[in-house]
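> Predicted coordinates and the sequence they were generated for:
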Amino acid sequence: MLFLVLFCLVQGFSEFLPISSQGHLLVFNTFFNVTDSSSLSILELNIISHLGSLLAVVIYYNHFILSTIKGLKIFFRPDLNKNLSLSFKLIISTIPIIIVGYYFGKTFDYDNDFLLLIIGISSIVFGIILLIVDKFCLLIRNEESMNYKLALFTGFFQCFALIPGVSRAGANMIALRAIGFNRNFTVKYSNLLSIPVILGAAIYLFVNENNNLFVDNALNLTAIYVFVLSFVFSIIFIHFLISWVRRSSLLIFVLYRIIFGTFLIFVSLEL
């Protein structure tokens, strides 16, 4: 039971903060024997926990989503509904990672001996890049400044998140801060962009990895437990991130990435 709590905490903690949920879950799986600790496989745990995080962001931004749905009646005039207009830009930002992820998603072998080293280096390098753009780039753009060209740029940069340890949220925040968006909108756009990305990743894993997933585990208590815990922890850390950037910079996440990455590099060299 403690294992599942820790797993869901790691998922909720790292999914929306710019510190790489993929990297943290891979590290977690390296140090803990998932098969012995849970009735679910690591793949099933990943899918269920991500769906819990998906529900969290949907509920947190329910007003945005409901407004977008209502705006569909003016589908061909998105300029009349700012949330519908932003949703179209989110779709544009999602297209690159769908294409790149489909063809190159398995470029990195998650069972190779250098995985911890790759995650460690990525965590530090992209943490430093995040520090530079957050500290030195201007705060000259807000939500009204987002257009399809900038959305596509953000989408292409998000593809770096396919490298273990980079972070989907981190890549998005680097891209958005680099082109001058303020921190509040940067976090909002990154969080909303997680909806199609998480959903797409879950569907991809479910369809391509194993047709027998959830045959025996679909409605068992462990699956429900993981889903609920991931949902709760995700809600907590979404709120924390939004509250934090209203009053401070992204420095705390950069420091965490550097410490985390340094630790992994030392561990990888000792193994």
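Okay, I see it.

> Please pull out the lowest mean pLDDT helix or strand from the chain.
Sorted by mean pLDDT, DSSP states H and E, the helices and strands of the chain end with helix 34-37, the least confident at a mean of 59.

> who's in contact with Phe153?
Contact analysis of Phe153 by C-beta atoms under 8 Å, 6 or more residues apart in numbering lists Ala175, Ile179. Every residue, glycine included, has its C-beta placed from N, CA and C.

> And the strand or helix carrying it, how far out from the chain middle?
Phe153 belongs to helix 148-158 when assigned by DSSP states H and E. Put simply, helix 148-158 sits 16 Å off its chain's centre (C-alpha atoms, centre = their mean, to the nearest Å).

> Pull out the buried residues from it.
For helix 148-158, a neighbour-count test (16 or more other C-beta atoms under 10 Å) marks Leu150, Ala151, Phe153, Thr154, Gly155, Phe157, Gln158 as buried.

> now those as TSV including distance to Ile69 and pLDDT?
Conversion of the buried residues of helix 148-158 to TSV gives the following (distance: C-beta to C-beta, whole Å; pLDDT from 0 to 100):
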residue	distance to Ile69	pLDDT
Leu150	24	98
Ala151	20	98
Phe153	27	98
Thr154	23	98
Gly155	23	98
Phe157	28	98
Gln158	24	96
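
> Pick out whichever of those residues sits closest to Ile74.
Ala151 (19.9 Å; C-beta to C-beta).

> Just give the closest residue to the closest one, not the sequence neighbours.
Of all residues not flanking Ala151 in the chain, Lys89 sits nearest, at 3.9 Å (C-beta to C-beta, 6 or more residues apart in numbering).

> Next, the one you found: secondary structure please.
Assigned with DSSP: H, G, I helix; E, B strand; the rest coil, Lys89 falls in the helix class.
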